[in-house]
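Undergrad: My questions are about this predicted structure, shown below with the sequence.
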Amino acid sequence: GEGSDREEEEKAEGGDGDKRSERGSRKNSRSLSRSSRRRDSRSRSRGEDKPDEVNDRPIFCGNFDDRDTESDICKMFEKYGKVDRVDMKLRFCFVYMNSKNEAEKAVRALSGKDGMRVEFTRGDGETKRREEERRKGTEQPTKTLFLANFDAQRTQVRDLEDVFGEFGSVLSADIRKNFAFIEFKEIDDAIKAKEALHATAEFGGSSIVVEYKAPRPGGGGGGGFRG
């Protein structure tokens with residue numbers, strides 16, 4: 001009888017041990033799960049899993065080797081993501097990348113490399129829209145000029161009036177966020193100002209963008225910005 005009782009006690013103790021082991025295993029699993037979630041949360045907060053967005057600003061690239069071609073610039077940026085196109089200008093270019101994350105990686109990696117100047121254009125997406133219009137051939141001279149890629153924080157309306165006023169009578173100047181509009185009395189004066197000031201370093205910009213403001217659909221070529 002005593003032997004039988006001891007066997008029953010040993011079985012009961014063994015069963016309790018198994019249950020304790022199972023509870024401990026579940027507890028460790030929950031701890032690991034919580035730890036994994038915390039790591040994922042920290043990774044997201046550091047931006048490692050940052051959701052991508054559409055990039056609406058061209059990248060300005062200047063001071064590169066004079067021998068570099070459009071293909072050379074494209075290959076340089078393609079190391080960091082897909083390049084939609086490169087728009088070559090005189091002594092500088094605009095690079096268009098659709099992915100915001102890839103564009104930011106390219107700017108971080110290439111800015112200052114071999115003396116190059118690489119930065120997002122100022123203009124809140126307006127520069128890209130204007131360039132699209134120019135490429136489509138829909139741009140036509142207007143009395144109102146669009147200005148971007150300048151230091152909008154330090155530039156005053158009177159600064160625009162003084163500089164653009166050298167080419168003719170300026171009716172009005174308007175700074176909006178990171179871009180501006182300058183309206184001339186005569187369209188010929190607007191044309192002269194655009195040709196003289198585009199891609200210069202006026203108003204604290206590395207290479208300002210001066211283009212014609214697109215006229216409203218069905219409107220005339222005057223292109224005033226009021227109203």
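TA: Here it is on my side, so go on.
Undergrad: mind checking which helix or strand of this protein has the lowest mean pLDDT?
TA: Least confident element among the helices and strands of the chain, by mean pLDDT, DSSP states H and E: helix 2-45 (a mean of 55).
Undergrad: Not counting its own residues, what contacts the strand or helix carrying residue 75?
TA: Element membership for residue 75 (DSSP states H and E) is helix 70-78. Helix 70-78 is contacted from outside by 59, 61, 64-65, 83, 86, 88, 93, 95, 97, 106, 110, using CB atoms under 8 Å, 6 or more residues apart in numbering. Bear in mind the C-beta positions are built from the backbone N, C-alpha and C, glycine included.
Undergrad: Apply 7 Å and report the result again.
TA: 61, 64, 83, 86, 88, 93, 95, 97, 106, 110 (CB atoms under 7 Å, 6 or more residues apart in numbering).
Undergrad: Tell me which residues of it come out buried.
TA: 73, 76-77 (16 or more other CB atoms under 10 Å).
Undergrad: ok, these vs residue 197, which is closest?
TA: For the buried residues of helix 70-78, the residue nearest residue 197 by CB to CB is residue 73; the value is 24.3 Å.
Undergrad: Do you know the pLDDT at that closest one?
TA: Per-residue pLDDT puts residue 73 at 94.
Undergrad: Give me the mean pLDDT for the helix or strand just after the helix holding residue 75.
TA: Along the chain past helix 70-78, the next helix or strand (assigned with DSSP H and E) turns out to be strand 85-88. The average pLDDT for strand 85-88 rounds to 87.
Undergrad: Give me the sheet partners of strand 85-88 and which way each runs.
TA: Strand 85-88 has the following strand partners under DSSP bridges: strand 92-96 (antiparallel).
Undergrad: can you tell me the average pLDDT over the partner strand?
TA: Computed over strand 92-96, the mean pLDDT rounds to 87.
Undergrad: And stretch 196-203, by the same measure?
TA: Regarding stretch 196-203, the rounded mean pLDDT is 85.
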